[in-house]
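A.B. asks: Model the following, please.
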Amino acid sequence: MNYELGLFSNLIRLTLRPSVTSDLNMTVETKNQMEAMIELEINRIQYSMNRVVYTDFSENKIRRYIRQSQLEITWLSNDLREMKLEFLAMKTVKKVEIRKNQLALYDFFKDKLTGLLLFIQRYFANYFDPEMCMPLSSIHSIMRKKVKKLRPLFNRLKELDISPELTRPIKMHLFSMLRSRELNYKQLHYLQQFIARLPRALYANRGVDWDIKFIIKMVYLNFNNLEFYMGVRVWIRTQLAKEKDLAGQISKLKVYQSYFDQFHDHPDLHQSPGRKTLKEMLLNFIKSEISYLDSSKEDKLISSSSKRGFETLLVTLSVPQLGYLIRLLVKNKLFRVNARMSGKMLDFIAKWITTTGTGEKMSVGHLKNEYHDPKRSAAVALRAILLKIIAMIDSDLEKKL
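C.D. replies: Residues are numbered from 1 along each chain as shown. Here you go, the predicted model:
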C-alpha cells in the first residue's frame, strides 16, 4: 500500500503557502489548471483506495492504511485552513482578482478534501475511525448551521418553564460543543441526533408534567452528562421535599422508578460512550434513595416503639412473610396451637407485632389471609432469610459454640 497523499502534501506545504503564492500571478487560467489537477488526483486516490479492498492484505493492514489516510487528510485540511487565514491577513497581494482566485482555490481544495473524507467514511465504514477529530473547517461550517437551530430550542425550553436545574446543563453542554475546536465524528452524530430529536418531544403537547417528560426524553437520548445527572438528582430531591412524610417520598420515588424502567434508551446514542447510561445512573440513584428512606423509616419506627415502652414488637418481615412463617411454626408444632383454632393466635400476634412494611399495627384480616393462603414470593423471601440464619448457626458451630 502506497502513501497516496504525497502530491497534496507538496501542493499545500510548498506551492500554496501564502509566502509563495504572493509571488504568483493567480489568474483564472492558473486557478482552473490547479483545480483540474486536484480533481484528477482525488479520482486517482479514490480508485487506489477501492483497489485495496480487493487485495489479500489483512484487515489490520487495511485499517491502518485507511485511518492513516484519514488522519493525513485531516492534517492537510487544517494546514489549508491556516494558510487561507494567513493569506487573508496579508497585504502584499493587492489585486482584487488575484486575491479572489486564490481564495476560491483554497475553498475548492478544502471542499475536495472534505469530500474525500466523506468518501472514506461512506465506503470504508468498517475501517473509518469515528473517534478521530474532524477538520477545523468542517467543525466551524457545521456549527454555524447548528447555531441557527438552537435559538428556537432555547426559546421553547423557556416557554415551557422547565426547571433550570434541568435546562442549564443542556445549554452549557451545547455552547461548549459550539465553541469546541476538537469534535470527532461520533460526537457530531450525537449532536445532530440530539438537536433533531429533542424539539419534536417539546412540541408534542399532551398536557403532561414537562419536567418529567424532559427527563424521560434525555433518558431516551442517553444524555449521560454528569452535570445533567446531578441536576436531575437536585430536581428529584426538590420534589421529595414537597411530600409530608417518608411514605409519600418513597411512593414518589417508586413512581419515578417505574417511569425510567418502562422507557428505553436509544441503543446507538451515548453522549459519553465510556460512562453508564443515564437510565442506569438514575435508577441506581433512586434505588439508593429508597433504601436510605426505608432505613430512616425503620429507625423512626424503632425509636417510636422505644418511646412507647415497646407497646408492640417491631419485626422486619412483611405481613406475607410473617403469615407464612407462623404457618410453618404451627405445622411443625413449634407453636402449640390447634391449627383449627388459629384465629385467636393471629389476633394476639396482630395486636402485639408491628411490621416495618406498615409502620402501624397490621390488619388482622390481612395477616389471616396470608396465613391461610401463602404466596410464592413470600416463601422465596423467607427462605433467603432462613438460609442466612442457618449460615450464622453454622458459623457459630465452627467456633465451637
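
A.B. asks: How confident is the prediction for residue 262, by pLDDT?
C.D. replies: Residue 262 is assigned a pLDDT of 88 by the prediction.

A.B. asks: Where does pLDDT dip in this protein?
C.D. replies: Scanning the chain with the threshold set as pLDDT under 70 gives 1-3, 19-24, 92-94, 204-208, 296-311, 339, 356-361, 400-401.

A.B. asks: can you give me the helices for the stretch 201-350 of the chain?
C.D. replies: Assigned by DSSP state H, counting those that start in this stretch, the helices in the stretch 201-350 of the chain fall at 210-220, 226-240, 246-262, 278-307, 319-331, 342-352.

A.B. asks: Export the ones you listed as CSV, with columns for distance to residue 148 and mean neighbour count.
C.D. replies: Using the backbone N, CA and C atoms, a C-beta is placed for each residue, glycine as well. Output for the helices of the stretch 201-350 of the chain, formatted as CSV (distance: least, C-beta to C-beta, whole Å; neighbours: other C-beta atoms under 10 Å):
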stretch, distance to residue 148, mean neighbour count
helix 210-220, 22, 21
helix 226-240, 24, 16
helix 246-262, 33, 15
helix 278-307, 27, 15
helix 319-331, 60, 20
helix 342-352, 68, 15
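
A.B. asks: any idea how far residue 279 is from residue 191?
C.D. replies: To residue 191, residue 279 is 20 Å away according to C-beta to C-beta, to the nearest Å.

A.B. asks: swap in residue 173?
C.D. replies: 9 Å.

A.B. asks: and the two? which has more neighbours close in?
C.D. replies: More crowded of residue 173 and residue 191, by other C-beta atoms under 10 Å: residue 191, with 20 against 17.

A.B. asks: Specify the angle between the helix or strand where the more buried one lies and helix 210-220 in degrees.
C.D. replies: Using DSSP states H and E, residue 191 sits in helix 185-203. Here helix 185-203 points in a direction 150 degrees away from that of helix 210-220 (axes from the mean of the first three to the mean of the last three C-alpha atoms, to 10 degrees).

A.B. asks: tell me which strands and helices helix 185-203 is in contact with?
C.D. replies: helix 136-159, helix 164-179, helix 210-220 (3 or more C-beta pairs under 8 Å, 6 or more residues apart in numbering; DSSP states H and E).

A.B. asks: Recalculate using a threshold of 7 Å.
C.D. replies: helix 136-159, helix 210-220 (3 or more C-beta pairs under 7 Å, 6 or more residues apart in numbering; DSSP states H and E).

A.B. asks: Excluding its own residues, what touches the shortest one? List them.
C.D. replies: Surrounding helix 210-220, the residues in contact under the criterion C-beta atoms under 7 Å, 6 or more residues apart in numbering are 160, 162-163, 166, 198, 201, 228, 232, 235, 259-260, 263, 265-266, 278-279.

A.B. asks: what about it, distance to the chain center?
C.D. replies: 13 Å (C-alpha atoms, centre = their mean, to the nearest Å).

A.B. asks: Show me which residues of stretch 77-85 are buried.
C.D. replies: Neighbour-count burial for stretch 77-85, counted by 16 or more other C-beta atoms under 10 Å, picks out 77, 78, 79, 80, 81, 83, 84.

A.B. asks: Does the fourth one touch residue 106 like I think?
C.D. replies: The reference is to residue 80. Yes: using C-beta atoms under 7 Å, residue 80 is in contact with residue 106, at 6.3 Å.

A.B. asks: Spit out the residues that contact those two alike.
C.D. replies: By C-beta under 7 Å, 6+ apart, no residue touches both residue 80 and residue 106.

A.B. asks: Quick one: neighbours of residue 45, just the number.
C.D. replies: By other C-beta under 10 Å, neighbour count at residue 45 equals 19.

A.B. asks: how close does it get to residue 57?
C.D. replies: For residue 45, the distance to residue 57 - C-beta to C-beta - is 17 Å.

A.B. asks: Compute the distance between residue 341 and residue 347, please.
C.D. replies: Taking C-beta to C-beta, one finds residue 341 at 11 Å from residue 347.

A.B. asks: do the same with residue 74
C.D. replies: Counting by C-beta to C-beta, the gap from residue 74 to residue 347 is 81 Å.

A.B. asks: ok, residue 327 - contacts?
C.D. replies: Residue 327 neighbours (C-beta under 7 Å, 6+ apart): 371, 374.

A.B. asks: Specify the residue ranges that define each domain of the chain.
C.D. replies: Domains of the chain are assigned by automatic domain parsing as 6-129, 139-299, 313-398.

A.B. asks: Any idea how far apart the tips of the first one sit?
C.D. replies: This points to domain 6-129. Domain 6-129 has its terminal residues 21 Å apart, counting by C-alpha to C-alpha, to the nearest Å.

A.B. asks: same thing with the last one?
C.D. replies: Using C-alpha to C-alpha, the end-to-end distance of domain 313-398 comes out at 31 Å.

A.B. asks: just how off-centre is it within its chain?
C.D. replies: Using C-alpha atoms, centre = their mean, the offset of domain 313-398 from its chain centre is 44 Å.

A.B. asks: go on, the second one?
C.D. replies: Its chain's average C-alpha position is 9 Å from that of domain 139-299, according to C-alpha atoms, centre = their mean.

A.B. asks: what do you get for the first one?
C.D. replies: In terms of C-alpha atoms, centre = their mean, the gap separating the centre of domain 6-129 from the centre of its chain is 36 Å.

A.B. asks: Include distance to residue 186 when you put the helices and strands packed on helix 185-203 into TSV, please.
C.D. replies: Below are the helices and strands packed on helix 185-203 laid out as TSV (distance: least, C-beta to C-beta, whole Å):
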stretch	distance to residue 186
helix 136-159	14
helix 210-220	18
